[in-house]
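>>> Give me a model of this one.
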Amino acid sequence: CLQRLLKVCGELGVKEVTVYAFSIPNFQRTEEEKSFLMSLAVEKMKEMCTRDDVVSKYGVRVKVAGDVSRLSDDVQAAINDVEARTAHNTNCRLNICFAYASRTELTSYAQTGKLWVPSPRAMPPLFVRTSGEHRFSDFLIWQSAFAHLVFQNILWPDYRIWHLMYALLSYNYRYAHTQKVMDKWNAVQ
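Numbers count the residues shown, from 1 in each chain. Predicted coordinates for the structure are as follows:
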């Protein structure tokens with residue numbers, strides 16, 4: 001699913017995509033679930049390091065944001081590897097929020113002065129929430145303050161290009177208003 005969407009985003013000139021892969025509250029899941037999800041994360045990050053992967057083909061730089069100190073050594077090694085191997089890519093940026101919670105990020109920011117989602121584009125213009133939920137789920141609360149919000153009643157594994165196109169068209173329709181709000185915000189900064 002992510003590979004297909006990154007391919008389309010690359011072809012459309014989208015410069016940055018941020019996904020929520022694993023929240024800090026997910027550490028409360030069973031050991032079996034956590035083990036499966038961590039193994040899946042390592043597998044997907046290794047795939048991103050291959051030459052024939054969409055990340056390589058479209059020049060995507062991968063950055064992982066979150067409290068990675070909570071993760072096992074093998075997951076941290078996979079994160080370090082994918083970040084190092086894609087560091088030279090400049091066409092697009094994929095931020096993967098892993099061991100992430102917005103409230104924890106803001107607490108860390110108060111202490112360190114740095115946000116975990118280190119983005120050249122600090123305020124994303126479009127926020128897409130899948131699953132039919134109409135809430136942020138503790139994801140990019142600060143960064144999405146002025147984003148155009150699109151809530152879609154589809155689970156992430158079933159998300160297709162048509163869903164992305166709807167979100168992008170919805171954003172384009174509201175672009176002038178969203179840009180005006182963001183310009184005002186940036187003028188105050």
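
>>> the strands in the chain, which residues?
Using DSSP state E, the strands found in the chain span residues 16-23, 60-65, 92-100, 126-129, 148-151.

>>> right, so those: which one is the most enclosed?
strand 92-100 (a mean of 24; mean count of other CB atoms under 10 Å). For the C-beta atoms, the positions are set from N, CA and C on the backbone; glycine is no exception.

>>> Which strands and helices lie in contact with that one?
helix 2-12, strand 16-23, strand 60-65 (3 or more CB pairs under 8 Å, 6 or more residues apart in numbering; DSSP states H and E).

>>> so which of those comes closest to Leu168?
helix 2-12 (7.4 Å; CB to CB).

>>> Contacts for that closest one next, please.
Outside helix 2-12, the residues that touch it by CB atoms under 8 Å, 6 or more residues apart in numbering are 17, 19, 44, 53-55, 57-60, 91-92, 94, 159-161, 164, 168.

>>> Buried subset of the residues you listed as a PyMOL selection?
To isolate the buried members of the contacts of helix 2-12 in PyMOL, using 16 or more other CB atoms under 10 Å:
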select buried, resi 17+19+44+53+54+55+58+60+92+94+159+164+168
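
>>> Quick one: the helices in the chain, in order.
For the chain, helices defined by DSSP state H occupy the ranges 2-12, 31-48, 54-57, 73-86, 102-112, 161-188.

>>> now the ones you listed in CSV, with distance to Phe127 and mean pLDDT?
As requested, the helices of the chain are exported to CSV (distance: least, CB to CB, whole Å; pLDDT from 0 to 100):
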stretch, distance to Phe127, mean pLDDT
helix 2-12, 15, 79
helix 31-48, 23, 92
helix 54-57, 22, 81
helix 73-86, 24, 94
helix 102-112, 12, 87
helix 161-188, 9, 76
